[in-house]
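> Please find the sequence and the predicted model below.
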Amino acid sequence: MKIKSRKKRLSHKRLCSMLALMVFLVIMMHTILSDFMTAAAAGTGGIKGNILPAGYVTENQMKLANPWSEVNDGPLYSVMRKAQEGQKVTIAFIGGSITRGTMSVGSRDDSMNKKLTYVDYFTDWWYKKYPKADLHFVNAGISATDSYLGVHRVQKDVLDKKPDLVVVEFAVNDKETYYHRQAYENLIRKILDYDTKPAVMLLFMSKLNGWSCQMQQAQVGLQYKLPMLSYTNVMLDMIRQGIYTIEELSGDGIHPSALGYAVVGEILVRYLDEISEKTVGQVSYDKVTKSYITSKKYSNAKILTCKDIKINNFGTFEESQKSRTFKNNLTCSSGDGDLTFTVTCKNIGIIYARQINGRGGQFDVYVDGKKTATIDADHSQGRTNNAGTIPCYSSNKKKSHTVRIVRSPKSTGRVLTIYGILVSN
């Protein structure tokens, strides 16, 4: 009897130990999961999926992100139907550093489970929504570039890839000038008029102080009834309501933090979800209007390298390769430069290197003997070296022009690298 009683006590003791261990494990798992959810749930409503962001943007903020009516989303829906059928779909992005994926460090980023850019979230949505589609993505973002350079490089960087959909993002780098509005509209028209007739989406980003070229670019979007989404409106509302601070959404006041990108990502994927849920009968297909807000100017716009132009005199310029993005450069490191070349076109511009080392100089541009512009390569107050652009000549008649580039008498530096010549007809 004593042996049975002792065995009974041992069994009871083991059972209690096992129960205690199970309780301990449950508590530990709850703690771990709680910590995980806290880290993942940076938004107001938490993460609802493993890939796509959710819970950051309210319904009212989604209305702020997409306040424009009479938008023709038929072309975008057609791309989705193509993907649904398992066909090849090519999606391209063109813009500045935000499109390229530059991310600042926000004060709340340590709590973020995912550190992805808006392009990442956008592409993830297509992979998740259409797993049988043959999806291809092209990121043509280049830091510190605007739509003026965009309209000259879009053919090679985007259209030659035969895209079905193009997302355009230049609201931070453009300025509120007629010059930029004309370049932006010509960029949009060049995409819309391409052989593949791609769908176009406009994304309006913003500096954290609220500055954006959104209003000017939205006028172009309305002209062509394009889908448009505004991070600017949502970001300003979040800061006004005290949901997030500027420091949480961006570490440098320009580029989004991981949290900022998650907000942009949710705006995009929720809009895509909305379009994908439509039926064929609800979609309208409107023809693109032929009229311009500005005027047609940059037809056949492209970038010429030093190998594509007729150089009459190198002066103190030499062939170089200073850029990974723009090939076959010309660099003046000393002397007066005095480069002379000939091009045949209506409009001429220069893309060049802006340098933070203080060696960048100022060089005057003469077209057919007349001074038309001054290139300032000094970017010593900036954070990084980047590409600068400047229009130098414009006319309504295509003809041969002689261009001379010579160092200005009062130049503070002696160095200039020319990445390419921007021409159009």
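Ah, there it is.
> Walking through the stretch 101-250 of the chain, point out its helices one by one.
Listed in chain order, the helices of the stretch 101-250 of the chain (DSSP state H, counting those that start in this stretch) span 118-129, 147-157, 178-192, 214-223, 231-241, 246-249.
> Of those helices, which is nearest residue 329?
Closest to residue 329 of the helices of the stretch 101-250 of the chain is helix 147-157 (C-beta to C-beta; 15.3 Å). In short, each C-beta sits where N, CA and C put it, glycine included.
> among the helices of the stretch 101-250 of the chain, which is nearest residue 275?
helix 118-129 (10.8 Å).
> OK, contacts around the residue lying closest to residue 175 once chain neighbours are set aside?
If the residues on either side of it in the chain are set aside, residue 175 comes closest to residue 213, at 6.8 Å by C-beta to C-beta, 6 or more residues apart in numbering. Each residue near residue 213 by C-beta atoms under 8 Å, 6 or more residues apart in numbering is listed here: 170-172, 174-176, 180, 204.
> Can I get the buried part of the residues you listed as one PyMOL selection?
Buried residues among the contacts of residue 213 (16 or more other C-beta atoms under 10 Å), as a PyMOL selection:
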select buried, resi 170+171+172+174+180+204
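> So the residue nearest to residue 175 versus residue 171, what's the distance?
5 Å (C-beta to C-beta, to the nearest Å).
> residues shared between the contacts of those two?
residue 204.
> buried ones in stretch 297-307?
For stretch 297-307, by 16+ other C-beta under 10 Å, it's 297-298, 301-306.
> check contacts around the residue nearest to residue 397 when sequence neighbours are not counted.
Once flanking residues are discounted, residue 397 sits nearest to residue 346: 6.6 Å by C-beta to C-beta, 6+ apart. Residue 346 makes contact with 394-398, 424-425, according to C-beta under 8 Å, 6+ apart.
> how would you label residue 346: helix, strand or coil?
strand (DSSP: H, G, I helix; E, B strand; the rest coil).
> For it, give me the pLDDT.
For residue 346, the model assigns a pLDDT of 98.
> cool, and residue 288?
80.
> Show the backbone phi and psi for residue 87.
The phi and psi torsions at residue 87 (degrees, to the nearest 10) take the values phi -80, psi 170.
> which residues sit in contact with it?
133-134.
> again, only using 10 Å
Residues near residue 87 by C-beta atoms under 10 Å, 6 or more residues apart in numbering: 79, 81, 130, 132-135, 164.
> again, but for residue 263
Per C-beta under 10 Å, 6+ apart, neighbours of residue 263: 42-43, 53, 56-57, 61, 65, 118, 231, 234-235, 238, 243-244, 249, 256-257.
> now do 7 Å
56-57, 231, 234 (C-beta atoms under 7 Å, 6 or more residues apart in numbering).
> Distance-wise, check it relative to residue 142.
The gap separating residue 263 from residue 142 is 24 Å, by C-beta to C-beta.
> which one of the helices of the stretch 101-250 of the chain lies closest to residue 94?
Of the helices of the stretch 101-250 of the chain, nearest to residue 94 by C-beta to C-beta is helix 147-157, at 5.8 Å.
> Nearest residue to residue 126 in space, please, no chain neighbours.
In space, residue 126 is closest to residue 135, 5.6 Å off (C-beta to C-beta, 6+ apart).
> how many other residues sit next to the one you found?
If you count neighbours by other C-beta atoms under 10 Å, residue 135 ends up with 17.
> got it, and the one 3 residues further on?
Neighbourhood size, residue 138 [other C-beta under 10 Å]: 16.
> So in terms of bridging, what pairs with it?
residue 92 (DSSP bridges).
> Surely it is in contact with residue 158?
Yes - contact criterion C-beta atoms under 7 Å: residue 138 and residue 158 qualify, at 6.4 Å.
> hang on, the earlier thing: most neighbours among the contacts of residue 263, which one is it?
Result: residue 231 is most packed of the contacts of residue 263 (other C-beta under 10 Å), 28 neighbours.
> Wait, it touches residue 265, no?
No - taking contacts as C-beta under 7 Å, residue 231 lies outside contact range of residue 265: 10.0 Å.
> Show me where the stretch 301-425 of the chain has its strands.
302-304, 310-313, 317-320, 329-332, 339-354, 362-367, 370-376, 386-407, 416-424 (DSSP state E, counting those that start in this stretch).
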